[in-house]
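Novice: got a sequence here, can you model it:
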Amino acid sequence: MRIAFVEDALSARISARLAALRSERGWTLEELAGRTAISRASLSRLERGELSPTAAMLTTLCAEFGWTLSRLMAEVEGVPSTLVKRDHQMTWRDPQTGYTRRLISPPSGQMRGELVEIEIPVGAVVRYEASPLPGLEHHIWILSGVLCLAIGQENLRLEPGDCVRYLLFGPSRFECEGAAPVRYLLSIVRP
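Specialist: Take a look at the predicted model:
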């Protein structure tokens, strides 16, 4: 029961922050729907906390606001900026794909980097249509499992110990291949 309550509370804070970000810009739901191709009805339900956002939705919205997903998560979680103890590292689960992301070192103040642990279940695919910030620097280090990564037109197969680094400008796709979930560390550096 406690886990469900924590997830509900986190979803409520995400919903409230997304509504505030839209309001801060003076955009109507219709304007944001036009900018993101997410329906007005879905945006309304999301802001009221009636719809759990998927990773794709959150990334699309964050991109429109000029934020990373980690920045949104860190802000709604209120994580301390210097020492981030394990029990303060926020974990979020995508309701659509089951992928989880734990903010090990969230963005804070003048620090431009983030460290995130990602786990993607067997057979799951996570797609992003665009980078939330053009030129976002990614470093991925595979801890376990096999990740098939598509960055633009390039397709890579990564195994434990492999590391890939790139600047993200366009679409990307992350797919767990094999009999076990893929787990990796993602280092993000804002341009």
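
Novice: pretty sure D87 sits in a helix.
Specialist: Yes. Assessed with DSSP: H, G, I helix; E, B strand; the rest coil, D87 lies in a helix.

Novice: how many neighbours does it have?
Specialist: 5 (other C-beta atoms under 10 Å). C-betas here are computed from N, CA, C, even on glycine.

Novice: R165 versus that one, what's the distance?
Specialist: In this structure, D87 and R165 are 30 Å apart, going by C-beta to C-beta, to the nearest Å.

Novice: what of R86?
Specialist: In terms of C-beta to C-beta, R86 sits 26 Å off from R165.

Novice: higher neighbour count, these two?
Specialist: Set R86 next to R165 and count neighbours by other C-beta under 10 Å: R165 wins out with 11 against 7.

Novice: which stretches of this protein form helices?
Specialist: Taking DSSP state H as the criterion, the chain contains helices spanning 2-24, 29-36, 40-47, 55-65, 69-77.

Novice: any chance of these in CSV, plus distance to L115 and mean pLDDT?
Specialist: Shown next, in CSV, are the helices of the chain (distance: least, C-beta to C-beta, whole Å; pLDDT from 0 to 100):
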stretch, distance to L115, mean pLDDT
helix 2-24, 19, 74
helix 29-36, 27, 93
helix 40-47, 27, 93
helix 55-65, 18, 88
helix 69-77, 9, 78
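
Novice: and of those, who's closest to F169?
Specialist: Nearest to F169 among the helices of the chain is helix 55-65 (11.9 Å), distances taken as C-beta to C-beta.

Novice: return the distance of stretch 61-78 from the chain's centre.
Specialist: Centre-to-centre, stretch 61-78 and its host chain are 8 Å apart (C-alpha atoms, centre = their mean, to the nearest Å).

Novice: cool, stretch 105-114 as well?
Specialist: Mean-position distance between stretch 105-114 and its chain equals 15 Å (C-alpha atoms, centre = their mean).

Novice: name the surrounding residues that touch it.
Specialist: If you take C-beta atoms under 8 Å, 6 or more residues apart in numbering as the criterion, stretch 105-114 is touched by 68, 70-71, 73-74, 77, 79, 81, 84, 90, 103, 115, 187-190.
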